[in-house]
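Got a predicted structure plus its sequence, pasted below:
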Amino acid sequence: MKANMLRMFGFIAVLTTIGLLFVVCDNNIASENDNNVICEDSYLTGTVRLSGNFIVGEILTADTEHLSGNGTVFYKWNRADEVDVVGTIIINENQETYKLTVSDIGKHITVTVTRDGYSGSVTSGQRRAVANCLNWRSVTNSTFGNSDINSVAYGGYGSKVRYIAVGNEGKMAISINGGLIWNAVVNSSFGITNIKSIAWGGDDRWVAVGNEGMIAISTDGGETWNQVIDSTFETKTINCVAWGNSRWIAVGNDGKMATSMDDGESWNAIIDNPFGTSNINGVVCLGAPWALGRWGAVGDDGKAAYSHDGGKTWYDCGFEQFGMSNINGVAFSNPIPGNKTNSTYDYYSITYGNDGKISKSKYALIEERPLGTSNVNSMSYWNGYWIAVGDNGKTAYSENGGINWYNIGGDNPFGINSINSVNRGVAVGSGGKIMYYSRLLIYY
């Protein structure tokens, strides 16, 4: 009911059923409701601003400094598909802050606030939650000229932590500052032969492989290299090399495989494997590299194989969902290089290949192909994110173990051949291109 009021000393004195109360009303009109005095027609005004990075995993904060009146503020966070639409309320999110999730990707996030004792509400302006691209930056001088770069790896301890990239015409370069600046290796020992793959094997030891069956090793962090006398590959191209379980395994064309148990100094051919004469494109240790003996390998014509004894015996596990499409590689969620005690990572592998095909299991492809029909050339895992790269400069990422993917790169005039997302994250490709990124960004 209407309260009996007396205006005095800038206050409204309200005679209620329980006595005389003093209130301040913007419009000098008050009323009584169940012995509570409220200001009639005190409509909430002002603005609410959102602060924070609009990135999945980041926290947004509602700034109510410019909101009218006094009293407790209540929050409702909203998610919308379109601009200028408040959208639907995000359940159980009623605090001053909100942590962005995968569900917010591409959405418009707002917060609606109300204030105790006031009618109406104020809603912040819409902002997109996640960008449609990575914050890629190109390296000014990659030292490769126009030669294609085929592989990049990260590893080392202490002062020898670094990226090493390898490419055509025997070119090789090292970065010790997160991929920003690169220095050419004077003599990679490959001459003008294309180098296809490089990997770190603990301490300061690295192994690089390439065309003509060539394998080279370095024991000083990639500064100097020496060719292996007999790789067992004859003149066949070696496509990939990996380290794990205290051994190296290299794979190449015509179904050739070889292993080394003495830090890459000597190699023994693995004669009996399921690939026949099909090219083998990728190999990886399927477990903590220093602990388990499980390995996986993939190749042309949809062929795949696994080993449970450190690469001695291989079993066919062809991925039917790839059909006769080439499988270009298999990636594993390795833990942090240089930290042999880390056990907090979720270890699992993802295979990828031509025509944009990606598979997290033996039996099913991921329904959406984030790179379209462009070939997926490389994948890497770091800090909860999988990053996939491929032809036409296409890139995509997944935050939930490869189940859902989001395209984050448009067409570019170059192909991306390899990515290593550890630390800053470096990708390499055709025409001597090197790019780096530091995080996922938002555009709004």
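Structure's in. What do you need?

In terms of secondary structure, what does the helix or strand that W77 is a member of contact?
Here W77 is covered by strand 73-80, with elements defined by DSSP states H and E. Helices and strands in packing contact with strand 73-80 are listed as strand 88-89, strand 108-115; criterion 3 or more C-beta pairs under 8 Å, 6 or more residues apart in numbering; DSSP states H and E. Any C-beta I mention is one placed from the backbone N, CA and C, and that applies to glycine too.

could the ones you listed go into CSV alongside distance to G221?
As requested, the helices and strands packed on strand 73-80 are exported to CSV (distance: least, C-beta to C-beta, whole Å):
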stretch, distance to G221
strand 88-89, 54
strand 108-115, 45
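
For T395, which of those strands is the nearest?
The stretch from those with the least distance to T395 (C-beta to C-beta) is strand 108-115; that distance is 23.6 Å.

what's the domain layout of the protein?
Taking automatic domain parsing as the domain assignment, the ranges for the chain are 4-39, 49-128, 137-436.

if you compare these, which one is most tucked away?
Comparing the domains of the chain by mean neighbour count (mean count of other C-beta atoms under 10 Å), domain 137-436 ranks first with a mean of 20.

Partner strands of the strand holding W77 and their direction?
When pairing is defined by DSSP bridges, strand 73-80 lines up against strand 88-89 (antiparallel), strand 108-115 (antiparallel).

Would you reformat those strands as TSV and include distance to S349 and mean pLDDT?
Formatted as TSV, the entries for those read as follows, by distance: least, C-beta to C-beta, whole Å; pLDDT from 0 to 100:
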stretch	distance to S349	mean pLDDT
strand 88-89	37	90
strand 108-115	34	92
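
How about the backbone phi and psi for the nearest residue to M257 once chain neighbours are set aside?
The spatial neighbour of M257 that comes closest, neighbours along the chain excluded (C-beta to C-beta, 6 or more residues apart in numbering), is I270 at 4.0 Å. Reported as degrees, to the nearest 10, the phi and psi values for I270 are phi -100, psi 100.

isn't I270 right up against D309?
No. Contact criterion C-beta atoms under 8 Å: I270 and D309 do not qualify, at 11.4 Å.

Quick one, grab the pLDDT at S343.
As summarised for this prediction, S343 has a pLDDT of 36.

for W382, same thing?
Predicted confidence (pLDDT) at W382: the value is 77.

so who does the residue nearest to it when sequence neighbours are not counted touch?
The shortest distance from W382 to any residue that is not its chain neighbour, by C-beta to C-beta, 6+ apart, is 4.1 Å, and that residue is S421. In this structure, S421 makes contact with 380-382, 385, 387, judged by C-beta atoms under 8 Å, 6 or more residues apart in numbering.

cool, T259 as well?
For T259, the set of contacting residues under the criterion of C-beta under 8 Å, 6+ apart consists of 247-250, 267-268, 270, 310-312.

Apply 10 Å and report the result again.
With contacts defined as C-beta atoms under 10 Å, 6 or more residues apart in numbering, T259 is in contact with 232, 247-250, 267-270, 295, 307, 310-312.

how about the CA coordinates for whichever helix or strand it is part of, as PDB?
Using DSSP H and E, the element containing T259 is strand 257-260. Listed next in PDB are the C-alpha coordinates belonging to strand 257-260 (Å, rounded to 0.1, in the frame of the first residue of the first chain):
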ATOM      1  CA  MET A 257      61.100 -50.000 -41.300                       C
ATOM      2  CA  ALA A 258      64.200 -50.000 -39.100                       C
ATOM      3  CA  THR A 259      65.100 -49.600 -35.400                       C
ATOM      4  CA  SER A 260      68.100 -48.500 -33.500                       C
END
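
Name every strand pairing with it and say which way it goes.
Looking at strand 257-260 with DSSP bridges, its partner strands are strand 247-252 (antiparallel), strand 268-269 (antiparallel).

what separates the first one from the chain centre, distance-wise?
In terms of C-alpha atoms, centre = their mean, to the nearest Å, the centre of strand 247-252 is found 26 Å from the chain centre.

Quick check: bridge partners of the residue nearest to the spatial centre of the chain?
Against the mean C-alpha coordinate of the chain, by C-alpha atoms, centre = their mean, the closest residue is Y385 at 3.4 Å. The bridge-partner assignment for Y385, based on DSSP bridges, gives W382.

What of the one 10 residues further on?
T395 has these beta-bridge partners by DSSP bridges: V389.

Which pLDDT value belongs to it?
Reading off the per-residue confidence, T395 sits at a pLDDT of 84.

Wait, a helix at Q321?
Yes. Remark: Q321 belongs to a helix, assigned using DSSP: H, G, I helix; E, B strand; the rest coil.

so the residue nearest to M257 makes contact with S260?
No. The criterion here is C-beta atoms under 10 Å, and I270 misses it with S260 at 11.1 Å.

distance of C285 from N146?
34 Å (C-beta to C-beta, to the nearest Å).

Dump the strands paired with strand 257-260 into a markdown table; add mean pLDDT as well.
Supplementary listing: these in a markdown table, determined by pLDDT from 0 to 100:
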| stretch | mean pLDDT |
| --- | --- |
| strand 247-252 | 97 |
| strand 268-269 | 97 |
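
Throw the ones you listed into a markdown table and include distance to V228, thanks.
Written out in a markdown table, the entries for the strands paired with strand 257-260 read as follows (distance: least, C-beta to C-beta, whole Å):
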| stretch | distance to V228 |
| --- | --- |
| strand 247-252 | 10 |
| strand 268-269 | 12 |
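
Nearest to S398, out of these?
Distance to S398, taken as C-beta to C-beta, is lowest for strand 247-252 among the strands paired with strand 257-260, at 25.7 Å.

Export that closest one to CSV, keeping only CA atoms.
C-alpha atoms of strand 247-252 as CSV (Å, rounded to 0.1, in the frame of the first residue of the first chain):
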residue,chain,number,x,y,z
ARG,A,247,65.0,-46.8,-29.1
TRP,A,248,64.6,-45.1,-32.4
ILE,A,249,62.2,-46.3,-35.2
ALA,A,250,62.3,-45.0,-38.7
VAL,A,251,59.8,-45.7,-41.5
GLY,A,252,59.8,-45.1,-45.2
